Every structure is written in C-alpha cells, then in structure tokens.
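Asker: Next comes the sequence, and after it the predicted model I'd like to discuss.
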Amino acid sequence: YKSVYDQILMSKFGFDKRRKDNAEKGGLWEAYPPLSEVRTVQKALKPNDFPYYTADGIEHWCLWKLCEDVTDEEIDEAKEELRSHTSADANGTRIEVDFLSWRNPPHLKSLPDIDHIHILCRRRNVNSGDHDVCINKALNSSDIYNTIVERFDATGKTYTE
C-alpha cells in the first residue's frame, strides 16, 4: 500500500484500488479516491485488524469515520449494533454484553486523519456466575479518570455500579 490510510480506505470503506507508480513492476496500491479528495461522511464498524491482547472472549472492534469526528451518539449506535447480534445463546439463555470504548488522545493517534473509536465487547451467559463489569464511556484525555462503570444486558437495561 502507498500508506496505511490507503489500506484503511480500501479494507474498511471499500474504496477502489489502483497501482501507484509503475503498475507493470508491481507498484504500491493506492485508494481511489485518495483521502485528500474524500468529502462524504462515511462510517464503518469493523473488527480491529490488530486487536489488543485481552482476556479470552473479548472482541476488539473499531468504529471508523471519514470527514468528521465520531459522536457519542454514533458510539452508542455501534454498541447497540454489536449488542443486537446476540440476545440469547443456542439454548435460549440470555446473553449480557459489556463494553469498554475509548478514543486515543491526539498525541497517541496512529491515524490522526481518520477518526476512530476502539470498542471492546464481551458477550457472556447470565447464568455463568461471571459478574464483572466493564467501563462503558468514550474516554478522552480530559476525563480518563472520571468514568462511569455500567453493565448492559441484552434487553437494553443499564445497571450503574
């Protein structure tokens, strides 16, 4: 790829790809249109290609957005979409879904020109006896220590602890 931005535009947003430089000699892939020409807001919720090392059973997702910053409402919508994929296991037992989401502070953003939110998701059987909670709030550098601990179940009921 010409850049990591080109890889993201192609793999997350489905942009066309073209060969950069000499196509006959296997030049680099370039997204078309390039990021500098994108004017339409687009979002994509995708599994993270390079998930953080976490405990078993935790999924690492990214909510990507072009042309604007991801809003708190869009983060909630993404979590609802992830929650909607599971409400019960094969035996009909209700599944709870816990989330942890954050936005890296500007100085730690690997891709500052494409906003993205990390979302960790854990689905668990309510009868498992596992009652851990996850922090559920989009973190930023100003309020990283002022978080709310919440648990969400598949019915959408919220418990604050």
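Answerer: Great, that's in hand.
Asker: in the lengthiest helix in the chain, what counts as buried?
Answerer: Ranked by residue count, the top helix of the chain under DSSP state H comes out as helix 72-84. Within helix 72-84, the residues that count as buried by 16 or more other Cβ atoms under 10 Å are 74-75, 78-79, 82-83. C-betas here are computed from N, CA, C, even on glycine.
Asker: any idea which of those is the one closest to F99?
Answerer: K79 (5.2 Å; Cβ to Cβ).
Asker: related to what we said a few turns ago, quick check, nearest of the buried residues of helix 72-84 to C62?
Answerer: Closest approach to C62 among these (Cβ to Cβ): A78, at 9.5 Å.
Asker: residues in contact with that closest one?
Answerer: 45, 61, 63, 117, 119 (Cβ atoms under 8 Å, 6 or more residues apart in numbering).
Asker: Surely the fourth one is in contact with E73?
Answerer: Which is I117. No: using Cβ atoms under 8 Å, I117 is not in contact with E73, being 12.0 Å away.
Asker: and the nearest residue to P33 once chain neighbours are set aside, how far is that from E73?
Answerer: Leaving aside its sequence neighbours, P33 sits nearest to F15 (Cβ to Cβ, 6 or more residues apart in numbering; 7.2 Å). Remark: distance between F15 and E73 (Cβ to Cβ, to the nearest Å) = 25 Å.
Asker: How about D16?
Answerer: 30 Å.
Asker: Name every strand pairing with the longest strand along the chain and say which way it goes.
Answerer: The longest strand of the chain (DSSP state E) is strand 115-125. Within its sheet, strand 115-125 is paired with strand 58-66 (antiparallel), strand 95-102 (antiparallel), according to DSSP bridges.
Asker: in the longest one, what's buried?
Answerer: With burial defined by 16+ other Cβ under 10 Å, the residues of strand 58-66 counted as buried are 58, 60-66.
Asker: So what's the gap between it and the chain middle?
Answerer: Here the centre of strand 58-66 is set off from its chain's centre by 1 Å, with Cα atoms, centre = their mean, to the nearest Å.
Asker: Now tell me what touches it from outside.
Answerer: So strand 58-66 is contacted by 8, 12-13, 35, 38, 40-48, 51-52, 54, 70, 74-75, 78, 82, 114-123 (Cβ under 8 Å, 6+ apart).
Asker: List only buried entries from the residues you listed.
Answerer: Among those, those classed as buried by 16+ other Cβ under 10 Å are 8, 12-13, 35, 38, 43-45, 70, 74-75, 78, 82, 114-123.
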